[in-house]
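Engineer: This is a predicted model, with the sequence first.
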Amino acid sequence: KTSYTLYLDGFPEDGGKQVDSSKRLVGDKPFEFACGVSQVVKGWDYALMDMKEGESRRLIVPSDLGYGDKGFSKVPGKSTLYFDVTLSSLGKMPELNDEQKKWLDEHPLYD
């Protein structure tokens with residue numbers, strides 16, 4: 001789960017404009033997703049993979065690792081994204097099925 005605020009045109013101290021956030025009037029509702037499997041923009045996948053629970057970061061995500069040429073919702077195409085993120089908590093790893101376990105046994109990550 002990740003708490004976040006998204007800005008366009010820089011961070012607030014640089015004149016950036018907030019366009020989305022997990023923080024609402026009634027509290028923070030962290031965004032829940034599986035990291036590394038393209039459920040979020042690539043910039044998040046890359047940046048959050050090595051974060052530790054409770055860690056905060058400022059991310060500057062170029063458009064090719066964000067929403068690209070088309071944009072999304074309030075985000076115009078070719079936009080650089082500016083995020084304040086906090087990795088609120090780590091969820092459980094998904095359980096592997098028998099086919100996945102067999103594949104891993106046949107293709108070890110390490111020799």
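Structural biologist: Okay, I see it.

Engineer: where are the low-confidence patches of the protein?
Structural biologist: Counting by pLDDT under 70, the chain shows low-confidence ranges at 93, 111.

Engineer: The residue sitting nearest the centre point of it and Phe83: what is the separation?
Structural biologist: Of all residues in the chain, the one closest to the mean position by C-alpha atoms, centre = their mean is Trp44, 3.2 Å from it. Distance from Trp44 to Phe83, counting by C-beta to C-beta, to the nearest Å: 8 Å. (Each C-beta comes from the backbone N, C-alpha and C, glycine too.)

Engineer: Spit out the residues that contact those two alike.
Structural biologist: Taking C-beta atoms under 8 Å, 6 or more residues apart in numbering as the criterion, Trp44 and Phe83 both touch Leu59, Val61.

Engineer: can you give me the strands for this structure?
Structural biologist: 2-8, 17-21, 23-24, 27-28, 56-61, 81-87 (DSSP state E).

Engineer: okay if I get those as CSV plus mean neighbour count and distance to Asp98?
Structural biologist: Formatted as CSV, these follow (neighbours: other C-beta atoms under 10 Å; distance: least, C-beta to C-beta, whole Å):
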stretch, mean neighbour count, distance to Asp98
strand 2-8, 19, 31
strand 17-21, 15, 40
strand 23-24, 11, 42
strand 27-28, 10, 39
strand 56-61, 15, 37
strand 81-87, 21, 31
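
Engineer: got the contact list for the residue nearest to the centre of the chain?
Structural biologist: Listed by C-beta under 8 Å, 6+ apart, the contact set of Trp44 reads Thr2, Cys35, Leu59, Val61, Phe83, Val85.

Engineer: Adding distance to Glu99, write the strands of the chain out as TSV.
Structural biologist: Below are the strands of the chain laid out as TSV (distance: least, C-beta to C-beta, whole Å):
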stretch	distance to Glu99
strand 2-8	30
strand 17-21	38
strand 23-24	41
strand 27-28	38
strand 56-61	34
strand 81-87	30
